[in-house]
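Novice: fold the following.
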Amino acid sequence: MAYARTAVADDAAANYYNSAGLAFSQTPSISASYLGYLAGLCPDDLHYFYLGMSYPMVNSAWGFDLTFITLGEAETRDYLGHYLGTGLVWRIAPKICYARRVMDRLSLGIAWKFIYERFVWDYCFLMPQLGWSDTDTKSWALDFNVLYKPLHNLSIGAVVHNVGPNFHYEETGATDPLPRLTRVAVAYIPLDNRYIKCTLSGEITKILVSIFADEDNDFWQSLKYEFDTARKGIGLELILFRMLFLRTGYINESEERLYGFTFGGGIEYKNFRLDVGVDENIFYFRTQNRTVSISYRFD
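Specialist: Sure thing, here's the model as predicted:
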């Protein structure tokens, strides 16, 4: 659905998209996803894993998720270029979420995550005697989420994610900001009966790092530039007989040169659901990018 899930998040995946949606869920659920990232273009050791769990209560809910990504092995060498072995480059981010309905149709969510990454740093240009070495860094962040349902078939969602201190690299004193971003989305359900459910969604995502950084532009020019470079996505989901899921979407992000259609589908049987998402067509190069997810609802 072109990642346009912020206003329709209502299961364990709400931990990732919009944790405020957890308070509207009715049963505990668990979800796991795997993506072999950019297969056929990059080495086969780029992997992404996701695990999410939700536990709703009367007017509130708790959630937990874990994101892990690895870019594979990277060589380490000394300043003479002698091979010293390899280091695994990876990042892990466990997160705990809490959501509460402050009104019948309004829910607020907050999440705290810990971020730890290990990578290979090239010291040669600063301290040649160190060569290339593996090192690590860590940080933490907060996510703020809201989901409002003014009508039974209309929902509006907004999030601000990754608000926290920069990564700090002790070896050099350098810092690197977290990927702070905001998303605003709307979802509408024009049809919902026992045979078919149709959901339409639209979403805008904007990275907040270095926003309004061009001092040569006035406010309106900067606002137009930020809107033009934001990611826009529209999505469509059809659920047939409450068991067959069909999805598609279109994404447009000029800054990252992402354009094109996404596709997906799934099937549910006895509370188990298997989903496959395909977004490889949005890249300007040939690759494969397919996410496989499995989830379960505890009735």
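Novice: what segments of the stretch 151-299 of the chain are helices?
Specialist: Per DSSP state H, counting those that start in this stretch, the stretch 151-299 of the chain carries helices over the ranges 219-229.
Novice: pLDDT weak spots in the stretch 51-200 of the chain?
Specialist: Applying pLDDT under 70 to the stretch 51-200 of the chain flags residues 76-82, 120-134, 171-172.
Novice: what about the strands in it?
Specialist: Residue ranges of the strands in the stretch 51-200 of the chain, as given by DSSP state E, counting those that start in this stretch, are 60-77, 83-103, 106-122, 132-151, 154-163, 167-168, 175-176, 181-192, 196-207.
Novice: out of these, deepest packed?
Specialist: strand 154-163 (a mean of 20; mean count of other C-beta atoms under 10 Å). Any C-beta I mention is one placed from the backbone N, CA and C, and that applies to glycine too.
Novice: using CSV, list the CA coordinates for that strand.
Specialist: Below are the C-alpha coordinates for strand 154-163, written out as CSV (Å, rounded to 0.1, in the frame of the first residue of the first chain):
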residue,chain,number,x,y,z
LEU,A,154,-12.8,7.6,8.4
SER,A,155,-9.6,7.9,10.3
ILE,A,156,-6.8,10.5,10.5
GLY,A,157,-3.3,9.7,11.8
ALA,A,158,-0.2,11.6,12.6
VAL,A,159,3.2,10.6,14.0
VAL,A,160,6.5,12.2,14.9
HIS,A,161,9.2,9.4,15.2
ASN,A,162,12.8,9.2,16.4
VAL,A,163,12.9,12.2,18.7
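Novice: by contact count, what packs against it?
Specialist: For strand 154-163, the packing partners by 3 or more C-beta pairs under 8 Å, 6 or more residues apart in numbering; DSSP states H and E come out as strand 132-151, strand 181-192.
Novice: TSV for the ones you listed, including distance to residue 36?
Specialist: Putting the helices and strands packed on strand 154-163 into TSV (distance: least, C-beta to C-beta, whole Å) gives the following:
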stretch	distance to residue 36
strand 132-151	23
strand 181-192	24
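Novice: out of these, which comes closest to residue 229?
Specialist: In terms of C-beta to C-beta, the element of these nearest to residue 229 is strand 181-192, at 12.6 Å.
Novice: chain center to that closest one: distance?
Specialist: Here strand 181-192 is found 16 Å from its chain centre; the criterion is C-alpha atoms, centre = their mean, to the nearest Å.
Novice: what's near enough to touch residue 240?
Specialist: Contacts for residue 240 (C-beta atoms under 8 Å, 6 or more residues apart in numbering) come out as 195, 196, 246.
Novice: now do the same contact list for the last one.
Specialist: Right, residue 246. Listed by C-beta under 8 Å, 6+ apart, the contact set of residue 246 reads 237, 238, 239, 240, 264, 265.
Novice: which residues sit in contact with residue 137?
Specialist: With contact taken as C-beta under 8 Å, 6+ apart, residue 137 is in contact with 116, 117, 119, 167, 168, 169, 170.
Novice: give me the distance between it and residue 118.
Specialist: 8 Å (C-beta to C-beta, to the nearest Å).
Novice: again with residue 166
Specialist: The gap separating residue 166 from residue 118 is 17 Å, by C-beta to C-beta.
Novice: ok, now residue 96?
Specialist: 22 Å.
Novice: check residue 188 too.
Specialist: 43 Å.
Novice: my guess is residue 185 meets residue 156, correct?
Specialist: Yes. If you go by C-beta atoms under 8 Å, residue 185 and residue 156 touch, sitting 7.3 Å apart.
Novice: which neighbours do those two have in common?
Specialist: Both residue 185 and residue 156 are in contact with residue 7, where contact means C-beta under 8 Å, 6+ apart.
Novice: now residue 86: how far from residue 71?
Specialist: Taking C-beta to C-beta, one finds residue 86 at 12 Å from residue 71.
Novice: do residue 19 as well
Specialist: 27 Å.
Novice: equivalent analysis for residue 164, please.
Specialist: Distance from residue 164 to residue 71, counting by C-beta to C-beta: 22 Å.
Novice: for residue 238, same thing?
Specialist: Residue 238 is 36 Å from residue 71, by C-beta to C-beta.
Novice: quick one: pLDDT of residue 33?
Specialist: Predicted confidence (pLDDT) for residue 33: 96.
Novice: run a quick neighbour tally on it.
Specialist: 19 (other C-beta atoms under 10 Å).
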